[in-house]
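Engineer: this one's sequence-less:
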C-alpha cells in the first residue's frame, strides 16, 4: 500500500531534549516536505527536499533540522525543543518537483508536546 | 507566508445541502489543489485544477478557477455527514517548485445529519 509513515504519532518531551521524528515513504517520490499545523495558522512549511542530499528552508525553519540521505526517508530533528514547538507535524511526499503538477501524499501526523 | 485564504472559516449545513468554499490567492500560479483533512489526521488530495482550466469535476466535487480574480471555489453537492472535515486550498507560485506548496488556513465544514 502506498503510504507516508511518520513515527511517533504522539510524543511528550521536555524542553531541551533532542528528538527526531521519522518519515518514510514507499512510493519512490523525489519530493518530501515537513509542515506544522497550529490552530488559526493553518499549515506552514518547515523544510522541503527535492531529492537526496538536496534540502531547503520553508517558511518556519527556525529550531528544526532535516536530512535526506536516502530517497525514502526524511527525518525532522529538533536539537533543543522549546514549548513553542508544540504542534501537529505532517510529513508529505510527491512525485515530481515540476511546479506542483502532482498531488502530495501526507502522513498521519505527529502530535508533539514540549513541556 | 500564506498564499491561499479560504472563506468562510467555518460552514455548517444540513445533510443533502450543497457546500461552497472559496479560496483567494495572491500570486500567479501554475495550478491550484484542494485537500481535505479529517480531524487531526493527514491531508488527502481531492482535486487539482490547472491555470488554463476554468472548471473541473470529480464525483460530487466541482472546482472552479478564476485566474483574473485569483480565486477558486470548491462545491460539494448533496453533502453527507461523512463530508464533515476541514478543506484546504494549496498553490505553487508560478516558477516555484513542488516544494513550495503553500496552504491556506482552511474551511471547517460541519454537515449535520
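Structural biologist: Received, thanks. The shown structure was predicted, so the numbers you read here are calculated from the model rather than taken from an experiment.
Engineer: Next to chain B in this structure, residues from chain A, please.
Structural biologist: A:4, A:31, A:33, A:35, A:40-43, A:45, A:48-50, A:56, A:58-59, A:88, A:90, A:92, A:94, A:96-109, A:111 (CB under 8 Å from any CB of the partner chain). (Glycine included, C-beta is placed from N, CA and C.)
Engineer: From these, list just the buried residues.
Structural biologist: A:4, A:31, A:33, A:35, A:42-43, A:45, A:48-50, A:58, A:88, A:90, A:92, A:94, A:97, A:99-100, A:102-107, A:109 (16 or more other CB atoms under 10 Å in any protein chain shown).
Engineer: Keep only those of those that are in strands.
Structural biologist: A:4, A:31, A:33, A:35, A:42-43, A:45, A:48-50, A:88, A:90, A:92, A:94, A:105-106 (DSSP state E).
Engineer: pLDDT score assigned to whatever residue of chain B ends up closest to chain A?
Structural biologist: Chain A sits closest to residue B:92 of chain B, with a gap of 3.1 Å, by CB to the nearest CB. pLDDT for residue B:92: 75.
Engineer: Same question for residue A:99.
Structural biologist: Residue A:99 is given a pLDDT of 52.
Engineer: Quick check: the gap between the residue nearest to the spatial centre of chain A and chain B.
Structural biologist: Centroid-nearest residue in chain A: residue A:34, 2.7 Å away (criterion: CA atoms, centre = their mean). Distance, residue A:34 to chain B, by CB to the nearest CB, to the nearest Å: 11 Å.
Engineer: what do you get for residue A:2?
Structural biologist: Distance from residue A:2 to chain B, by CB to the nearest CB: 12 Å.
Engineer: OK, contacts around that residue?
Structural biologist: Contacts here follow CB atoms under 8 Å, 6 or more residues apart in numbering or on different chains; on that basis residue A:2 touches A:26, A:27, A:105.
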